[in-house]
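Visitor: Need coordinates for the following:
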Amino acid sequence: MKKAKIYIPNKSPMQSGLGKIDKWILEFETKDNSVNPLMGWESSSDTLNELRLEFSTKELALNYAKKMKIDYEIIEPKKRKTVKKSYADNFLN
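Guide: Next comes the predicted model:
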């Protein structure tokens, strides 16, 4: 079986809040990309690159990968740094 990566996708540029970023994705890695000489599109004979599974928790994704005997790599999300400021800080500096 091919190797898969399990991660939380980045939020879209149109999204400023933290809503709807709680799903985990299992996506297969492919190295069989080629360029179609006629149209110039990227193509592949491997259909696993089209498969993208969504899970509500990381544990469900891990259990699925173990059950199906899929080699996987977990990409942990980076923690967002927030600096709390008060409105008065705008005028004190």
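
Visitor: Please make it C-alpha for all contacts and neighbour counts, starting now.
Guide: Fine.

Visitor: what about residue 55, distance to residue 21?
Guide: 12 Å (Cα to Cα, to the nearest Å).

Visitor: Now the element after the lowest-mean-pLDDT helix or strand in the chain, going C-ward?
Guide: Lowest by mean pLDDT, DSSP states H and E among the helices and strands of the chain is strand 42-44, with a mean of 75. Downstream of strand 42-44, the next assigned helix or strand under DSSP states H and E is strand 52-55.

Visitor: one step back: parallel or antiparallel, which strands does the least confident helix or strand of the chain pair with?
Guide: Sheet pairing of strand 42-44 (DSSP bridges) gives strand 33-35 (antiparallel).

Visitor: what's the distance between the strand it pairs with and the middle of its chain?
Guide: Distance, stretch centre to chain centre, for strand 33-35: 22 Å (Cα atoms, centre = their mean, to the nearest Å).

Visitor: which helix of the protein spans the most residues?
Guide: helix 58-67 (DSSP state H).

Visitor: Keeping just the C-alphas, turn it into CSV.
Guide: Provided in CSV are the C-alpha atoms of helix 58-67 (Å, rounded to 0.1, in the frame of the first residue of the first chain):
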residue,chain,number,x,y,z
LYS,A,58,-7.3,12.3,14.4
GLU,A,59,-8.0,9.0,16.2
LEU,A,60,-10.6,7.9,13.6
ALA,A,61,-8.1,8.6,10.8
LEU,A,62,-5.4,6.7,12.6
ASN,A,63,-7.7,3.7,13.3
TYR,A,64,-8.7,3.6,9.6
ALA,A,65,-5.1,3.7,8.4
LYS,A,66,-4.2,0.9,10.8
LYS,A,67,-7.2,-1.2,9.9
